[in-house]
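**Student:** I would like the atomic coordinates for the input below:
(chains A and B)
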Amino acid sequence: DAGITQSPRHKVTETGTPVTLRCHQTENHRYMYWYRQDPGHGLRLIHYSYGVKDTDKGEVSDGYSVSRSKTEDFLLTLESATSSQTSVYFCAISETGTPNEKLFFGSGTQLSVL
Amino acid sequence: AQSVTQLGSHVSVSEGALVLLRCNYSSSVPPYLFWYVQYPNQGLQLLLKYTSAATLVKGINGFEAEFKKSETSFHLTKPSAHMSDAAEYFCAVGNLYSGAGSYQLTFGKGTKLSVIP
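**Tutor:** Okay, here's the model as predicted:
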């Protein structure tokens, strides 16, 4: 299994508070991704990174920001959490970002915004 | 952007029966197609991927998928279902994002497979 650790695994927070989720990898892969998973929607890409300090928006980036100051860490921040951001968040990594390359996924973070 | 559609959000089969999970794609160019599986409380794992080398792709745990260009389909099958196959299955297609010149996966909405003893 690829070395991907997401923290925390579970979090409950209140509307309007900032939240940061962390993804840590030990594979030295260049590409890192944040997805959210919601029933009936599958997985949707929030943001991704193609190198240290290099990030770009995905399909559902509104209300989220990311940072990558080191190869191994990719942070997802909800500046002011809303109930619509209650979801399961998955981090994924890939080595080269090429079309036929598989993604390795972390175990997910269950976030509840009350 | 390319997309995939999974037909049926829930599929139930009896143990030992054929498993058929449907996926159709939309693409104007040869697509990069994948099937991922998610077991309860876990992340996704790759089952198989289409690489254009062969239209019938074999994956892990006895699953296979056939790429049919004329039908724009990439259905997942397994001849005989096991209880351990109960999971959610996602079809995905690779999309090229212009911002960084990198490729991203777009997932279908998933099909939850139940296996009845």
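**Student:** Quick check: beta-bridge partners of residue B:115?
**Tutor:** residue B:13 (DSSP bridges).
**Student:** Would you agree it is in contact with residue B:83?
**Tutor:** Yes: contact criterion Cβ atoms under 8 Å: residue B:115 and residue B:83 qualify, at 5.2 Å. The C-beta positions use only the backbone N, C-alpha and C, and glycine is treated the same way.
**Student:** Looking at the two, which has the bigger crowd around it?
**Tutor:** Each of residue B:115 and residue B:83 has its neighbours counted (other Cβ atoms under 10 Å in any protein chain shown); residue B:115 has more, 19 against 10.
**Student:** Just want the residue of chain B that's nearest chain A.
**Tutor:** Using Cβ to the nearest Cβ, residue B:43 is the residue of chain B that sits closest to chain A, at 3.3 Å.
**Student:** The lowest-mean-pLDDT helix or strand in chain B pairs with which strands, and in what direction?
**Tutor:** Using mean pLDDT, DSSP states H and E, the weakest-scoring helix or strand in chain B turns out to be strand B:102-107, at a mean of 79. Paired neighbours of strand B:102-107 in the sheet (DSSP bridges): strand B:87-97 (antiparallel).
**Student:** For the strand it pairs with, buried residues please.
**Tutor:** For strand B:87-97, a neighbour-count test (16 or more other Cβ atoms under 10 Å in any protein chain shown) marks B:87, B:88, B:89, B:90, B:91, B:92, B:93, B:94, B:95, B:97 as buried.
**Student:** okay if I get these as a markdown table plus distance to residue A:25 and pLDDT?
**Tutor:** Formatted as a markdown table, those follow (distance: Cβ to Cβ, whole Å; pLDDT from 0 to 100):
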| residue | distance to residue A:25 | pLDDT |
| --- | --- | --- |
| B:87 | 24 | 97 |
| B:88 | 24 | 96 |
| B:89 | 25 | 97 |
| B:90 | 21 | 96 |
| B:91 | 25 | 95 |
| B:92 | 20 | 93 |
| B:93 | 24 | 89 |
| B:94 | 21 | 84 |
| B:95 | 23 | 72 |
| B:97 | 20 | 59 |
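**Student:** about what we covered before: overlap of the contact sets of residue B:115 and residue B:83?
**Tutor:** Counting by Cβ atoms under 8 Å, 6 or more residues apart in numbering or on different chains, the contacts common to residue B:115 and residue B:83 are residue B:15.
**Student:** which residue sits closest to residue A:17 in space, ignoring its chain neighbours?
**Tutor:** Closest residue in space to residue A:17, ignoring its immediate chain neighbours: residue A:81 at 5.6 Å, by Cβ to Cβ, 6 or more residues apart in numbering or on different chains.
**Student:** Does that neighbour touch residue A:12 like I think?
**Tutor:** No: using Cβ under 8 Å, residue A:81 is not in contact with residue A:12; the gap is 10.4 Å.
**Student:** neighbour-wise, which of the two wins?
**Tutor:** The residue with more neighbours, out of residue A:81 and residue A:12, is residue A:81; 22 against 11, by other Cβ under 10 Å.
**Student:** Doesn't the more buried one lie inside a strand?
**Tutor:** No: Residue A:81: not assigned to a strand; according to DSSP: H, G, I helix; E, B strand; the rest coil it is coil.
**Student:** check contacts around it.
**Tutor:** Residue A:81 makes contacts with A:13, A:14, A:15, A:16, A:17, A:18, A:19, A:111, A:113, as judged by Cβ under 8 Å, 6+ apart.
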